[in-house]
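Asker: how does the following fold in three dimensions:
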Amino acid sequence: MAAASENGTSDISTESVVVDDDVKFGFQRPEMYTETLTGSVNPYGRHVFLCYKSHEEWPARVESSDSDPLPKRLAGAIKDRKNDIAVKTMLTICESGDGTGLSDGDVLIFPDLIKYRGLEESNIDSFVEDVLVNGNPWSAGTGEPVTGSYVFVCAHNSRDKRCGVCGPVLIEKFNEEIGVRGLKDEVFVGACSHVGGHKYAGNLIIYSKVQEEKVSGHWYGYVTPNDVADLLDQHIKKGEIIERIWRGEMGVPPVEKTEKVAEQTLPNGNDLKENAKDEKENTGGCCQGANGFSCCRVDNSEAKKDGKKSTYKFDFFTRKWEQHEIYTAAAVVGAVATVAVAYSLYKRTR
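Answerer: Residues are numbered from 1 along each chain as shown. Predicted coordinates for the structure are as follows:
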């Protein structure tokens, strides 16, 4: 019920505003579950997270904001060297500050499972050169191993209010369920900037180490607080993919996913199953960062196109050769028939 002010008029209650936001931008909005999620992740092989401020402070285009020189400078350096970076690399901003254990300038890299501290504008070039281009340890910093599972939830409100409404609620629910299960030292949850697909909010990415020292990176969309327990108990604990809200994964191009088994599990799950591939390729460039730029080397789409063209040309000439053989055989048969008729007429005239 709305509270009454001293002059007798009614104030809009906070509760009604929250409900209205949830209906328009949150988990009750009409667009929820209206689109296919599978295949909505652009292909990439490495994810770099720059820890920087709180998600409430990020401008809509945090990676190109003049008031935020650190992310802007890093984004520009990666973009400038994209053709020298062998692995398709995605850059995203994640939250730092109290309660996160992270500070401005910390960098998390997946699937490398490495954390570097102390990135500044002055040493960005050496970081990109050493780590991203050459694949070596950073000469200006010491890498620390990253353990456990990391859940990054898009809460970039200034970029899209759907993520701004859904993200913080999911983070709160994750922390609540993590506390209940005693997983505080095993599962990290934090806010991140735009990762693509506002319409799929709540959006999140889970990075975990699986068998054979491999690291998985799985994306989920249309996530609600009711899904959090399943993500902890099934995905993180058992390695079972929750297919109804699964968008895709790191290292697997959507174009190659044509079929997908109904019960898919990760290699760290109880049942090791061969993962079949999913369906369609997402629109847009590869490894799109929070500012919409592609920070990976130029892909081989043209080569793929050339391959298709070559195949088509080969088939064309094969068909032409087959037609040539048919015409030649017909000509030979015709010639034999002509000779036979001529010989028959010759015998009759004698």
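
Asker: measure Val146 to Trp138 for me?
Answerer: 15 Å (Cβ to Cβ, to the nearest Å). Heads up, the C-betas are built off the backbone N, CA and C, glycines and all.

Asker: likewise for Lys199?
Answerer: The spacing between Lys199 and Trp138, counted by Cβ to Cβ, is 37 Å.

Asker: more neighbours: which of these two?
Answerer: Under the criterion of other Cβ atoms under 10 Å, the comparison of Lys199 against Trp138 puts Trp138 first, with 20 against 15.

Asker: next, the buried residues of stretch 86-105.
Answerer: Buried residues in stretch 86-105, defined by neighbour count with 16 or more other Cβ atoms under 10 Å: 87-97, 100, 102, 105.

Asker: can you get me the start-to-end distance on that stretch?
Answerer: By Cα to Cα, to the nearest Å, the extent of stretch 86-105 from end to end equals 24 Å.

Asker: one more: stretch 21-32?
Answerer: End to end - Cα to Cα - stretch 21-32 spans 14 Å.

Asker: list of residues touching that stretch?
Answerer: Applying Cβ atoms under 8 Å, 6 or more residues apart in numbering, the contact partners of stretch 21-32 are 161-162, 164-166, 169, 199, 201-202, 222, 224-225.

Asker: do the same with stretch 166-185
Answerer: Under the criterion Cβ under 8 Å, 6+ apart, residues 25-27, 55, 148, 151, 153-157, 187, 189-191, 201-204, 223-225, 228-229, 232 lie in contact with stretch 166-185.

Asker: what bridges to Thr89?
Answerer: Arg46 (DSSP bridges).

Asker: just to check, it is in contact with Arg46?
Answerer: Yes: Thr89 is within contact range of Arg46, at 4.5 Å (criterion: Cβ atoms under 8 Å).

Asker: between those two, which contacts overlap?
Answerer: When contacts are counted by Cβ under 8 Å, 6+ apart, Thr89 and Arg46 have Leu132 as shared neighbours.

Asker: need the strands for this structure, in chain order.
Answerer: Remark: strands assigned in the chain by DSSP state E are 46-51, 89-94, 107-110, 114-116, 144-145, 149-154, 187-192, 204-209, 215-220, 246-249.

Asker: make a markdown table out of those and add mean pLDDT.
Answerer: Conversion of those to a markdown table gives the following (pLDDT from 0 to 100):
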| stretch | mean pLDDT |
| --- | --- |
| strand 46-51 | 98 |
| strand 89-94 | 97 |
| strand 107-110 | 98 |
| strand 114-116 | 97 |
| strand 144-145 | 94 |
| strand 149-154 | 98 |
| strand 187-192 | 97 |
| strand 204-209 | 95 |
| strand 215-220 | 95 |
| strand 246-249 | 96 |
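
Asker: reformat these as a markdown table; add distance to Arg181.
Answerer: Output for the strands of the chain, formatted as a markdown table (distance: least, Cβ to Cβ, whole Å):
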| stretch | distance to Arg181 |
| --- | --- |
| strand 46-51 | 24 |
| strand 89-94 | 23 |
| strand 107-110 | 23 |
| strand 114-116 | 24 |
| strand 144-145 | 23 |
| strand 149-154 | 12 |
| strand 187-192 | 8 |
| strand 204-209 | 15 |
| strand 215-220 | 19 |
| strand 246-249 | 22 |
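
Asker: which one of these lies closest to Lys238?
Answerer: strand 204-209 (11.3 Å; Cβ to Cβ).

Asker: buried set for the closest one?
Answerer: Per 16+ other Cβ under 10 Å, strand 204-209 contains these buried residues: 204-209.

Asker: hang on, the earlier thing: Pro111: which of the buried residues of stretch 86-105 is nearest?
Answerer: Nearest to Pro111 among the buried residues of stretch 86-105, counting by Cβ to Cβ, is Val87 at 9.6 Å.

Asker: wait, the closest one touches His47, no?
Answerer: No: Val87 is beyond contact range of His47, at 10.2 Å (criterion: Cβ under 8 Å).

Asker: low-confidence ranges in the stretch 101-250 of the chain?
Answerer: Applying pLDDT under 70 to the stretch 101-250 of the chain picks out residues 211-213.

Asker: still on that earlier bit, can you list the contacts of stretch 21-32 in TSV and add distance to Arg117?
Answerer: Listed next are those as TSV, based on distance: Cβ to Cβ, whole Å:
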residue	distance to Arg117
Lys161	33
Arg162	33
Gly164	28
Val165	32
Cys166	30
Val169	30
Lys199	35
Ala201	31
Gly202	29
Tyr222	35
Thr224	35
Pro225	33
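
Asker: neighbour-wise, which of the residues you listed leads?
Answerer: Once you tally neighbours by other Cβ under 10 Å, Cys166 ends up highest among the contacts of stretch 21-32, having 31 neighbours.

Asker: for that residue, give its distance to Arg81.
Answerer: 34 Å.

Asker: and the gap between Ser126 and Leu119?
Answerer: 10 Å.

Asker: how far does stretch 118-132 stretch from start to finish?
Answerer: 16 Å.

Asker: same thing with stretch 60-80?
Answerer: Stretch 60-80 has an end-to-end distance of 22 Å (Cα to Cα).

Asker: residues in contact with Leu74?
Answerer: 50, 63, 91, 119, 124, 127-128.

Asker: between those, which is nearest Val215?
Answerer: Using Cβ to Cβ, the contacts of Leu74 come closest to Val215 at Leu91, 17.5 Å.
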